[in-house]
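>>> this is a predicted model, with the sequence first.
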Amino acid sequence: MPLKARRLFGAWLLAGAASAIASAAYADSPSAYVLPPPPSELYGDLFVAVQTQQIYPDQKTFVDATPKMDPAQINQLYLQQRAVPGFSLSAFVAQYFTPPTDQVITPPPNQTLREHIDWLWPALTRNTATVPQYSTLIPMPKPYVVPGGRFREGYYWDTYFTMLGLQEAGREDLVDDMLDNFAYLIDTIGHIPNGNRTYYVSRSQPPFFSYMVELAAHKEGGRVYQKYLPEMRHEYGYWMQGADSLQPGAAVRNVVMLPDRTVLNRYWDERDTPRDESYLEDVQTATSVPGRPANEVYRDLRAAAESGWDFSSRWFGDNQTLATIRTTSIVPVDLNSLMFHLETTIARGCGESRDFGCVAQFVGKAAQRALGINKYLWNNNGYYGDYDWQLAQPRNNPSAAMLYPLFAGAAWPERAHTTANTVEALLLKPGGLTTTTFNTTQQWDAPNGWAPLHWIAVQSLRRYGRGDLAQQIGTRFLSDVNHVYATEQKLVEKYIVEGTGTGGGGGGEYPLQDGFGWTNGVTLRLLDLYAPGQ
């Protein structure tokens, strides 16, 4: 970017950040929350036996189960009984654990799509200010919306897209409640975990908190930026841990410093063991990779889970096979665009607080990140994409994530238009936007399309003057959603967007889930944007 353009860019950020000051401030931070260990540590050999022997068909069931007594006592009983002739592990688990109750969503008949979404909000709302003793569920002070299906807890990045629909439906109270919950998690745990379960705490998810703040501010005014400024700064510190001591060409936790000292972010997880909720799948993946340390495979699997794209060819060395996963070697275009937005939103919050030293600091950070995005995350094949920092080369894997720099406003205009043309040529399908160009049987690849990526596409393209393409993407996806609802009376987690037979999507580690928070939110927004009469 030329010097003049950089100065104009910085001036634009500064003007946006220096709006009128607001009076609200977030309450004093709650006392530190002491988390119990995840089930893999709490139950040790018993955990391994239950997951390995597949006592439950779904690996998530046991980690969501509630013990009927102190886990230490259960472990002692297991050690005493497991060698006794006739011992039954399934009977032991049934005796000492209460499995979670599956959610059954049975709507009234003959609802329109819009009526069904309005009906779903209370059906998906949970209040867990208190939880059973020894539960893996992390309590949150206010109500929140779960995605639906097998997911009995709230999820970080899902929540933003759910909030879009809640706000459209006039449920600003729930928008505020979920923002307060996430602020609480940042204050007590230090970050927003993947979901409010103990086994998710070692990682976060795509950092949409600043977008949630911005969403609430659209309705409630600039005071919202000041209210959540401490938490936004705290979250920024979480993602940037270790940046100050990094050397060029090295990485620590979520931070990478490239040879020219450009600092960008990657996905990461503190643990390098199999995921509790997918233990057997992870062990099987690691054992299928001869010659590679298992802990490296586990770390990359966990990092992909932090990305929200678990799993996708984006993270595979050969673009095809899960066993070649190398997530921590990749600088993702979506994560760095979200970090750019976090930096600009912190600058806005500092402006509301009249802390202009902070404004200048974060305007500078955002400007540097925008330069880094346009240097390293631009693929000369005509789209924004991921960068392999260990191989020092771009990843040749076009995906819907290419639209994130447009969504955040970090894209250079000419590159935004080129990216739009690439989206139209490679990703636009009869049912909307396909996730990648590779069909690997993984859920975050072709032929699946996802509601959040459609909203990002629509907003990105409208922002850069391609409302025509945005409308094509939005209306095609709405047709897909309408088709599945007309035939099955439900909204689902993901959709097939390719071919003539659009419908519910496939792939992944578990069956197609219905509910579904982010589909509900995006569908409602798209209905009001492109089909207000429906």
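Looks like it came in fine.

>>> any idea how far residue 140 is from the closest residue to residue 137 other than its chain neighbours?
In this structure, residue 137 finds its nearest non-sequential neighbour in residue 131, 4.5 Å apart by CB to CB, 6 or more residues apart in numbering. C-betas here are computed from N, CA, C, even on glycine. From residue 131 across to residue 140, the span is 9 Å (CB to CB, to the nearest Å).

>>> from the contact counts, what lies against the helix or strand residue 300 falls within?
Using DSSP states H and E, residue 300 sits in helix 294-307. Under the contact definition 3 or more CB pairs under 8 Å, 6 or more residues apart in numbering; DSSP states H and E, helix 294-307 sits against helix 279-287.

>>> who's in contact with the helix it packs on?
For helix 279-287, the external contacting residues (CB atoms under 8 Å, 6 or more residues apart in numbering) are 40, 47-48, 51-52, 54, 59, 274-275, 294, 297-298, 301, 322-323, 325, 509.

>>> redo that, cut-off 7 Å
51-52, 54, 59, 274-275, 294, 297-298, 301, 322-323, 509 (CB atoms under 7 Å, 6 or more residues apart in numbering).

>>> dump these to CSV, plus distance to residue 455.
CSV is the format used below for those (distance: CB to CB, whole Å):
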residue, distance to residue 455
51, 35
52, 40
54, 37
59, 30
274, 33
275, 27
294, 37
297, 33
298, 32
301, 27
322, 27
323, 32
509, 24
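
>>> just the buried ones from the residues you listed?
Neighbour counting over those (16 or more other CB atoms under 10 Å) leaves 51, 59, 274-275, 294, 297-298, 301, 322-323, 509 as the buried ones.

>>> neighbour count: residue 131 and residue 140, which is higher?
More crowded of residue 131 and residue 140, by other CB atoms under 10 Å: residue 140, with 23 against 14.

>>> do you know the pLDDT at the more buried one?
Reported pLDDT at residue 140 in the predicted model: 96.

>>> got the domain boundaries for the protein?
Per the record, the chain has its domains at 36-100, 380-534, by automatic domain parsing.

>>> and the last one, end to end?
The one in question is domain 380-534. End-to-end distance for domain 380-534, by CA to CA, to the nearest Å: 42 Å.

>>> same question, the shortest one
Separation of the first and last residues of domain 36-100 by CA to CA is 19 Å.

>>> how far does that domain sit from its chain's centre?
Centre-to-centre, domain 36-100 and its host chain are 30 Å apart (CA atoms, centre = their mean, to the nearest Å).

>>> quick one on the thing from earlier: check the contacts of helix 279-287 against residue 353 and report the nearest one.
For these, the residue nearest residue 353 by CB to CB is residue 275; the value is 39.4 Å.

>>> would you mind listing the buried residues in stretch 252-271?
For stretch 252-271, burial by neighbour count (16+ other CB under 10 Å) applies to 253-258, 262-269, 271.

>>> likewise stretch 137-154?
137-138, 140, 142-154.

>>> residue 467 and residue 475: what is the separation?
Residue 467 sits 12 Å away from residue 475, taking CB to CB as the criterion.

>>> neighbour-wise, which of the two wins?
Higher neighbour count among residue 467 and residue 475: residue 475, with 16 against 13, using other CB under 10 Å.

>>> for that one, which non-adjacent residue is closest in space?
residue 530 (5.2 Å).

>>> isn't the one you found right up against residue 472?
No. Residue 530 sits out of contact with residue 472 when judged by CB atoms under 7 Å, with a separation of 10.0 Å.

>>> neighbour-wise, which of the two wins?
In this view residue 530 and residue 472 are compared by other CB under 10 Å, and residue 472 has more residues nearby, 18 against 15.

>>> list the contacts of that one.
Counted by CB under 7 Å, 6+ apart, residue 472 has contacts residue 428.

>>> would it count as being in a helix?
Yes. Counting by DSSP: H, G, I helix; E, B strand; the rest coil, one finds residue 472 located in a helix.

>>> mind checking how far it is from residue 437?
For residue 472 relative to residue 437 (CB to CB), the value is 18 Å.

>>> so for the helix or strand following the helix holding residue 300, what's the average pLDDT?
For helix 294-307, the succeeding helix or strand toward the C-terminus, using DSSP H and E, is strand 330-331. Mean per-residue pLDDT for strand 330-331: 98.

>>> relative to strand 330-331, what are the paired strands and their orientations?
Strand 330-331 pairs in its sheet with strand 387-388 (antiparallel), by DSSP bridges.

>>> ok, and which of the domains of the chain has the densest surroundings?
The highest mean neighbour count among these, using mean count of other CB atoms under 10 Å, belongs to domain 380-534: a mean of 21.

>>> what is the host helix or strand of residue 42 packed up against?
When elements are assigned from DSSP H and E, residue 42 belongs to helix 39-43. Other helices and strands packing on helix 39-43, by 3 or more CB pairs under 7 Å, 6 or more residues apart in numbering; DSSP states H and E, are helix 71-81.

>>> how about the helix it packs on as PDB, C-alpha atoms only?
Below are the C-alpha coordinates for helix 71-81, written out as PDB (Å, rounded to 0.1, in the frame of the first residue of the first chain):
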ATOM      1  CA  PRO A  71     -15.000 -38.800  40.500                       C
ATOM      2  CA  ALA A  72     -12.200 -39.900  42.800                       C
ATOM      3  CA  GLN A  73     -14.500 -42.500  44.400                       C
ATOM      4  CA  ILE A  74     -15.600 -43.700  41.000                       C
ATOM      5  CA  ASN A  75     -12.000 -44.100  39.900                       C
ATOM      6  CA  GLN A  76     -11.200 -46.100  43.000                       C
ATOM      7  CA  LEU A  77     -14.300 -48.400  42.500                       C
ATOM      8  CA  TYR A  78     -13.200 -48.900  38.900                       C
ATOM      9  CA  LEU A  79      -9.700 -49.900  39.800                       C
ATOM     10  CA  GLN A  80     -11.100 -52.300  42.400                       C
ATOM     11  CA  GLN A  81     -13.700 -53.900  40.100                       C
END
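
>>> and the most centrally placed residue in the chain, what does it touch?
Of all residues in the chain, the one closest to the mean position by CA atoms, centre = their mean is residue 157, 3.6 Å from it. Contact partners of residue 157, counting by CB under 7 Å, 6+ apart, are 205-206, 208, 308.

>>> can you do 8 Å?
By CB under 8 Å, 6+ apart, the residues touching residue 157 are 205-206, 208, 308, 452.

>>> what of residue 178?
Contact partners of residue 178, counting by CB under 8 Å, 6+ apart, are 142, 144-145, 154, 159, 162-163, 212.

>>> same thing but at 7 Å, please
Residue 178 is in contact with 144, 159, 163, counting by CB under 7 Å, 6+ apart.

>>> among these, which are in helices?
Per DSSP state H, helices hold the following members of the contacts of residue 178: 159, 163.

>>> circling back to that earlier point, I'd say the residue nearest to residue 137 and residue 152 touch.
No. Using CB under 7 Å as the test, residue 131 is too far from residue 152 to be in contact (11.2 Å).

>>> about what we covered before: may I see the contacts of residue 178 organised as JSON lines, with pLDDT and distance to residue 407 added?
JSON lines is the format used below for these (pLDDT from 0 to 100; distance: CB to CB, whole Å):
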{"residue": "144", "pLDDT": "97", "distance to residue 407": "24"}
{"residue": "159", "pLDDT": "98", "distance to residue 407": "17"}
{"residue": "163", "pLDDT": "98", "distance to residue 407": "16"}
